[in-house]
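Q: could you look at this predicted model? Sequence included:
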Amino acid sequence: MKKLALAVKVIFGAGLILIFLNSCKNEPKQEDPKEAAEDTNEAKFDSIEDKQDDSEFLVDITEVNLAEIEIGKLAQTKSTNAEVKKLGKMLVDQHTKSASEVSALAKTKNFTIPTSLTEEGQEAYKKLNEKSGVDFDKKFADMMIDGHEKAINELRKASESAKDQDIKLWASKSIAGLTVHLEHAKMLKQGLDKK
């Protein structure tokens, strides 16, 4: 009788473990907001190749805006350097404005864009947040230089080759603002490198 009770307990326990493992396996992984937006756009525009590049550009610029806003906020709260805080505020203000413009533009073109920080943006935020003091400030300046150089290149490409004239015009007029950010980041880096 004891052996039967033990066998029932073992079988019941194994069954619970299998149910638990299956339930863990079936949990869907949260899709990256950037990938979700791109997938949605591809499904909408399968038959219209022209729109795909324009939609990808708006998705990429949205990704930049969302990351810059969060990193700018982090710089304002974590840094003790007045110039880092100033650049952080500038980023939050300008990229919030840019995000609003891109959102309105995407809406008129029926494009889907990310609404939350992407995996890449989260990773950049996390790496920066791990730093402190002058190391934080230097990492922030480096990230801003690298990020703004890439974003300006994207804007230049779109200003020349976007199929949609509204997107082309928006990209063209946005270059100047990001160039100002880039110059501020370079000056900040020069000052920090002297420390």
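A: Yep, that arrived. Numbers count the residues shown, from 1 in each chain.
Q: tell me if I'm right that residue 32 and residue 117 touch.
A: No. The criterion here is Cβ atoms under 8 Å, and residue 32 misses it with residue 117 at 9.8 Å. (Each C-beta comes from the backbone N, C-alpha and C, glycine too.)
Q: what helix or strand is the closest residue to residue 144 other than its chain neighbours located in?
A: In this structure, residue 144 finds its nearest non-sequential neighbour in residue 185, 3.7 Å apart by Cβ to Cβ, 6 or more residues apart in numbering. Per DSSP states H and E, residue 185 falls inside helix 165-193.
Q: where does this protein dip in pLDDT?
A: Applying pLDDT under 70 to the chain flags the ranges 1-30, 33-34, 36-52.
Q: in the helix holding residue 185, what's buried?
A: For helix 165-193, burial by neighbour count (16 or more other Cβ atoms under 10 Å) applies to 167-168, 170-171, 174-175, 177-178, 181-182, 184-185, 188-189, 192.
Q: return the member of these nearest to residue 58.
A: Nearest to residue 58 among those: residue 167, at 7.0 Å, using Cβ to Cβ.
Q: in contact with the closest one, which residues?
A: 54, 57, 58, 105, 109, 158 (Cβ atoms under 8 Å, 6 or more residues apart in numbering).
Q: also residue 160?
A: Counted by Cβ under 8 Å, 6+ apart, residue 160 has contacts residue 168.
Q: what's the spacing between it and residue 179?
A: 16 Å (Cβ to Cβ, to the nearest Å).
Q: kindly report the same for residue 121.
A: Going from residue 121 to residue 179 by Cβ to Cβ gives 22 Å.
Q: how about residue 106?
A: Taking Cβ to Cβ, one finds residue 106 at 23 Å from residue 179.
Q: same deal with residue 93?
A: 16 Å.
Q: got the CA positions of the strand or helix carrying residue 122 in CSV?
A: Using DSSP H and E, residue 122 sits in helix 119-129. What follows is helix 119-129, C-alpha atoms only, in CSV (Å, rounded to 0.1, in the frame of the first residue of the first chain):
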residue,chain,number,x,y,z
GLU,A,119,15.4,46.6,-27.1
GLU,A,120,18.4,48.5,-28.5
GLY,A,121,17.3,51.7,-26.7
GLN,A,122,16.8,49.8,-23.5
GLU,A,123,20.3,48.3,-23.8
ALA,A,124,21.9,51.7,-24.5
TYR,A,125,20.1,53.1,-21.5
LYS,A,126,21.2,50.2,-19.2
LYS,A,127,24.9,50.5,-20.3
LEU,A,128,24.9,54.3,-19.6
ASN,A,129,23.0,53.9,-16.3
